[in-house]
Every structure is written in C-alpha cells, then in structure tokens.
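Colleague: any chance you could fold what I've pasted below:
(one chain, ligands or ions: 1)
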Amino acid sequence: MRFLLSVDTEADFWKYIQNPFYSFSKIYQIKWRLNKIRGKFIYAKNRQGLKNLVTFFKENQIPATFNITVHLYLKSCNGWPHFNELKPKAKWFFKKNWYYWDPKSGYSEYPGLYLGDFIEKEMKNNPLFDLGIHGFAHECWPLEESKIVDSGIRAAKNAANKIGVSPVSCSSPFNITEDKSNPSVLYSALRKNGFKIIRYTGLEDFPKKMTHKFKVIPPFKRYGLTFVHVSSTFDGTSKPGRIKRILKDIEENANKRDKNAVYCLCCHDFTFKSLKNLKIILNTVLKLKKKGKIELINMRDLLKNGNED
Ligand SMILES: [Zn+2]
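Modeller: Residues are numbered from 1 along each chain as shown. Alright, predicted model coming up:
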C-alpha cells in the first residue's frame with residue numbers, strides 16, 4: 001500500500017472563510033461559529049502550523065502534498081482582481097464581499113495571508129513536497145458556473161507560476177469536488193490549465209446533503225485526470241480516540257491492500273500548533289514502511305509511475 005499525506009494549507013484563511021452550508025441545521029451553524037472562537041486558542045498563529053510541519057517533514061524525510069489556498073502563493077497584492085479571476089456567485093457568498101479579508105498588503109505585515117516568501121525559500125525546490133492548489137481564496141468551485149471556475153483555476157496557476165511553482169494537483173475546499181448539478185465543471189477547468197491530479201470524496205448532492213466517502217483504493221482515471229480517493233482525515237487537534245481508530249485503519253489496510261492502493265490521509269496546516277498527533281501516526285506508518293508494507297509518496301509521484309487504472 002502507498003501512503004499519501006495531503007495537507008490543506010490555509011494559514012489564516014480559516015478565520016475568514018464563509019460557510020457554504022446555509023441549508024444545514026441550526027446546531028451545525030452554531031458549532032461552526034463556536035469552532036472559529038475556539039480556534040483562536042487552539043490553532044497555530046498565521047504560518048506557524050505550516051512551519052512546524054515543513055521542518056518536521058524535512059528532518060524526517062517524509063514526503064507530503066501541500067494543497068495551498070492560492071492567495072498564499074503571493075508575496076504581496078493590490079487586492080481583487082489578482083489575475084483577472086471572477087468572484088464566486090453561489091448563494092452564500094453574497095453575505096460579504098468575497099475579498100472582504102484582503103488587506104492589499106504583503107507577507108511582512110500579514111504572514112498568514114501571504115506565504116510566497118516561505119514557499120519559495122523552504123518548500124518549492126524540495127522533491128519531498130508536491131505543491132498544489134486548494135481554491136484561490138477557498139472557493140467552492142463545483143457549485144459555480146464554468147467561466148468563474150475557469151478564471152479561478154487560471155488565476156491559481158498564474159499565482160503559483162509567479163514564484164516558480166507549476167502545480168499539478170488540487171484538493172477541494174470543504175472536500176466538495178463533484179456535485180450532481182454540474183459534475184464536470186471543476187475537472188474541465190483543471191484539465192484545460194494543465195492540472196493532472198484531483199483528490200476525491202465522491203459525488204455530492206448539494207445543498208441537500210454532504211456525503212463524503214472514504215476509501216483505500218488505487219488511483220483511477222476520469223475526465224482525463226488522476227483521481228486519488230480520500231481514505232481518512234485528522235488534525236493536530238483531533239482527540240486521542242480518533243487517532244487510535246486511524247492507526248488501526250492504516251494497519252489493517254496496509255496488511256490487506258495491494259501495492260497500488262493509496263491510503264490518502266488529509267489534514268489542515270493551521271491545526272498543528274502541536275505535532276503530537278502527527279508523530280503518533282507517522283511512527284506507525286514508518287514501522288510499516290520498515291516491514292515493507294507501506295511506501296510513502298506525494299501526489300506528483302503518481303505521475304512518475306504512470307497512471308494506474
Ligand atoms: Zn490579495
């Protein structure tokens with residue numbers, strides 16, 4: 001089995017992103033708000049979570065995929081439009097101007113909204129890391145019209161290119177990748193702009209429900225892209241019980257899956273004020289690697305071996 005760690009990299013964006021789940025229960029909405037308040041105490045400040053991860057991965061030679069909210073690729077900006085991207089239009093986005101949080105500034109004043117300096121210096125030339133995208137400013141592209149998605153993905157590519165990164169992989173904010181209303185909208189924009197790999201959690205029926213699926217399977221081809229199915233998610237702030245269940249799941253799968261199957265474990269950079277959970281998981285993963293049961297890869301590595309069906 002192959003093991004792939006996929007880090008949704010948002011730095012300070014978690015504070016500002018708008019909630020697309022307008023149709024969900026009151027309790028859900030309250031929990032979402034409480035989590036933002038709680039986050040101020042338990043999450044890492046600005047880019048500290050990412051720094052912790054990058055340092056640890058380098059020290060221990062751990063491959064990782066960072067799907068970065070693209071505004072973070074910039075070193076500075078003058079606000080919208082950054083690269084002629086159109087603003088999202090889906091229902092909930094009208095609550096505020098989509099770019100209400102944009103300080104039109106740079107990394108020294110806002111180190112949690114611009115990471116261009118850090119990515120360029122510490123991440124971009126390291127073969128351990130695959131640097132991909134995660135929305136331009138955390139949009140939910142599968143729910144937008146194709147011209148908006150096209151303009152956003154093109155802007156994403158241009159922003160990354162500006163510091164010498166050519167991204168090939170994408171993970172979707174809210175893990176919404178494909179919606180019944182227009183299943184291929186994100187995929188065609190990605191393909192048009194040279195992207196090759198998409199992280200996947202199944203088909204959604206928004207806004208009625210969200211039904212993320214978790215699987216441990218080989219990557220597969222659809223719409224001219226390589227799909228990597230999400231297997232599980234955790235964070236730096238997950239409770240011990242959840243970490244225990246994930247360890248058991250990784251071990252069981254490593255023992256029964258063939259070598260092409262991918263265990264894709266997802267997490268968020270800003271939750272890693274402490275690396276305790278990550279170290280517990282990687283300890284098990286590295287033991288399984290020693291036994292020859294696991295190979296560690298990043299998303300870009302999938303292109304080296306050719307794309308499996
Ligand atoms: Zn900006």
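
Colleague: how about the helices in the stretch 201-309 of the chain?
Modeller: Here the stretch 201-309 of the chain has its helices, by DSSP state H, counting those that start in this stretch, at 240-256, 276-290, 301-304.

Colleague: return the residues of the stretch 101-250 of the chain in contact with the ion.
Modeller: residue 102 (C-beta under 5 Å from the ion). To be clear about C-beta, it is placed using only N, CA and C from the backbone, and glycine gets the same treatment.

Colleague: still on that earlier bit, dump the helices of the stretch 201-309 of the chain to CSV, plus mean neighbour count.
Modeller: Below are these laid out as CSV (neighbours: other C-beta atoms under 10 Å):
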stretch, mean neighbour count
helix 240-256, 15
helix 276-290, 16
helix 301-304, 15
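
Colleague: any weak-confidence spans in the stretch 51-200 of the chain?
Modeller: Within the stretch 51-200 of the chain, the stretches with pLDDT under 70 are 93-94.

Colleague: from it, which residue is nearest to the ion?
Modeller: Nearest to the ion, among the residues of the stretch 51-200 of the chain, is residue 77, at 3.3 Å (C-beta to the ion).

Colleague: where along this structure do the strands fall?
Modeller: Applying DSSP state E to the chain gives strands spanning 2-9, 64-68, 129-133, 169-170, 178-179, 197-200, 203-204, 220-222, 225-229, 232-233, 262-268, 295-297.

Colleague: against residue 270, how distant is residue 35?
Modeller: Distance, residue 35 to residue 270, using C-beta to C-beta, to the nearest Å: 12 Å.

Colleague: for those two, indicate the residue with more neighbours.
Modeller: Taking other C-beta atoms under 10 Å, residue 35 and residue 270 do not tie; residue 270 has more neighbours (28 against 13).

Colleague: contact partners for that one?
Modeller: By C-beta atoms under 8 Å, 6 or more residues apart in numbering, the contact set of residue 270 is 10-12, 14, 39, 43-44, 49-50.

Colleague: the same query, at a cut-off of 7 Å, please.
Modeller: With contacts defined as C-beta atoms under 7 Å, 6 or more residues apart in numbering, the neighbours of residue 270 are 10-11, 14, 43-44, 49.

Colleague: cool, and residue 267?
Modeller: Residue 267 sits next to 7, 233-235 when contact means C-beta under 7 Å, 6+ apart.

Colleague: which of the contacts of residue 270 sits closest to residue 100?
Modeller: residue 14 (15.1 Å; C-beta to C-beta).

Colleague: where does pLDDT dip in the stretch 201-309 of the chain?
Modeller: Applying pLDDT under 70 to the stretch 201-309 of the chain picks out residues 305-309.

Colleague: residue of it closest to the ion, please.
Modeller: For the stretch 201-309 of the chain, C-beta to the ion, closest residue to the ion: residue 270, 18.5 Å.

Colleague: ok, and for stretch 163-175, which residues are buried?
Modeller: 163, 165, 167-175 (16 or more other C-beta atoms under 10 Å).

Colleague: er, stretch 192-205 I mean
Modeller: Residues 193, 195-201, 204 are the ones in stretch 192-205 that count as buried (16+ other C-beta under 10 Å).

Colleague: and it, how far out from the chain's middle?
Modeller: Stretch 192-205 sits 12 Å away from the centroid of its parent chain (C-alpha atoms, centre = their mean, to the nearest Å).

Colleague: contacting residues around that stretch?
Modeller: 6, 150, 153-154, 157, 167-171, 175-180, 183, 187, 190, 210-213, 225-230, 264, 299, 302-303.

Colleague: swap in stretch 44-62?
Modeller: 7, 9, 11-12, 64, 111-112, 115, 118, 122-123, 128, 269-273, 275, 282, 296.

Colleague: filter these to the buried ones?
Modeller: 7, 9, 11-12, 64, 111-112, 115, 118, 122-123, 128, 269-273, 282, 296.

Colleague: hmm, residue 103 is touching residue 110, no?
Modeller: Yes. The pair residue 103 and residue 110 passes the contact test of C-beta atoms under 7 Å, sitting 5.2 Å apart.

Colleague: of the two, who's got more company?
Modeller: More neighbours surround residue 110 than the other of residue 103 and residue 110, with 19 against 12 (other C-beta under 10 Å).

Colleague: which ones are touching the more buried one?
Modeller: Residue 110 touches residue 103, counting by C-beta under 7 Å, 6+ apart.

Colleague: next: residue 78.
Modeller: Counting by C-beta under 7 Å, 6+ apart, residue 78 has contacts residue 104.

Colleague: that one and residue 99: what is the separation?
Modeller: 11 Å.
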